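Undergrad: Need a 3D model of the sequence below.
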Amino acid sequence: MNKESFRERVWDELEESGEARFPYPPHGRIPNFAGAGRAADRLAETDAWHDAEVLKANPDSPQLPVRRAALRAGKTIYMAVPRLCDAKPFFRLDPAEIDDYESATTIGGSAEVGVPVDPEEMAGIDLIVSGSVAVSETGARIGKGEGYSDLEYAVCRELGLVDGETPVATTVHERQVIDADLAPDTHDVPLSLVVTPERTIRAGTALKYPTGIDWDALTDERIAEIPVLERLRS
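TA: Numbers count the residues shown, from 1 in each chain. Predicted coordinates for the structure are as follows:
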């Protein structure tokens, strides 16, 4: 099976089992799922979470409980602007600067109260939280297919904000954990922690992390759409 086949399988299973949660349908997105809050609680029990002061987190619905838990714990969050399309492609959410954590951690709220920043202005990142469509117990991850999560990592790695030791975690439903040999591409970012409502999988990982931006994999058109890439290339 290819990546798209795994995506369709997971989206169908979540919908047909009734385990998908708003927004509907789960297809075409990082799917929200029953028990996302419990998975966030499990992540908050890990050493990687306790050791982290600064997170980079995805903006999707299933990780909303993770983002709220981070602000309540006094952790600073960086969230990417959708499609990295702004000159300053990240929002900084500092709990000391925010009154309403519930609103600030939504997509709309983060755009209202988050401080737009360049990657060069960001602090070093201690933990990355990614959204996933399908994952393996060995740490391979499949997103929704647009590649922005991997590109965000590549930009941060290029600028020294993360390194090969920075833990990368995801929270998913058990139905998203695929018992198959997922073959990642060279630009895919593997997971060191896979957390479901029922268990925590410490993947390791034996898979290789990208060391920066793979310019050969990017078209001139894609680079032109993303200001930070244009700036870094020049």
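Undergrad: The lengthiest helix in the chain - contacts with which helices or strands?
TA: As assigned by DSSP state H, the longest helix anywhere in the chain is helix 3-17. When contacts are defined as 3 or more Cβ pairs under 8 Å, 6 or more residues apart in numbering; DSSP states H and E, helix 3-17 sits against strand 134-135, strand 141-142. Using the backbone N, CA and C atoms, a C-beta is placed for each residue, glycine as well.
Undergrad: now what about the last one, what contacts it?
TA: Spelled out, that is strand 141-142. The set of residues external to strand 141-142 that reach it, using Cβ atoms under 8 Å, 6 or more residues apart in numbering, is 3, 6-7, 130, 132-135, 170, 182, 184, 188-191.
Undergrad: give me the number of residues near Gly74?
TA: 10 (other Cβ atoms under 10 Å).
Undergrad: list the contacts for Arg92?
TA: By Cβ under 8 Å, 6+ apart, the neighbours of Arg92 are Thr76, Ile77, Tyr78, Gly114, Val115, Pro116, Val117, Met122.
Undergrad: Pretty sure the last one sits against Tyr78.
TA: Yes. The pair Met122 and Tyr78 qualifies as a contact (Cβ atoms under 8 Å) at a distance of 5.9 Å.
Undergrad: related to what we said a few turns ago, just the contacts of strand 141-142 now: which is nearest Ala69?
TA: The nearest member of the contacts of strand 141-142 to Ala69, counting by Cβ to Cβ, is Thr170 at 14.8 Å.
Undergrad: In a helix, that closest one, correct?
TA: No. Looking at Thr170 with DSSP: H, G, I helix; E, B strand; the rest coil, it is strand, so not inside a helix.
Undergrad: Tell me the secondary structure of Arg231, please.
TA: Here Arg231 is helix, with the state taken from three-state DSSP.
Undergrad: for the chain, what spans make up the strands?
TA: For the chain, the strands defined by DSSP state E cover 54-57, 76-80, 90-93, 115-117, 127-130, 134-135, 141-142, 168-171, 193-195, 200-202.
Undergrad: Next, format those strands as CSV and append mean pLDDT and distance to Glu158.
TA: Converted to CSV, the strands of the chain look like this (pLDDT from 0 to 100; distance: least, Cβ to Cβ, whole Å):
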stretch, mean pLDDT, distance to Glu158
strand 54-57, 98, 14
strand 76-80, 97, 15
strand 90-93, 98, 14
strand 115-117, 97, 16
strand 127-130, 98, 15
strand 134-135, 96, 25
strand 141-142, 95, 20
strand 168-171, 98, 16
strand 193-195, 97, 23
strand 200-202, 96, 27
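Undergrad: Turn those into JSON lines, including distance to Asp214.
TA: Listed next are those as JSON lines, based on distance: least, Cβ to Cβ, whole Å:
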{"stretch": "strand 54-57", "distance to Asp214": "19"}
{"stretch": "strand 76-80", "distance to Asp214": "18"}
{"stretch": "strand 90-93", "distance to Asp214": "20"}
{"stretch": "strand 115-117", "distance to Asp214": "24"}
{"stretch": "strand 127-130", "distance to Asp214": "18"}
{"stretch": "strand 134-135", "distance to Asp214": "22"}
{"stretch": "strand 141-142", "distance to Asp214": "17"}
{"stretch": "strand 168-171", "distance to Asp214": "17"}
{"stretch": "strand 193-195", "distance to Asp214": "24"}
{"stretch": "strand 200-202", "distance to Asp214": "27"}
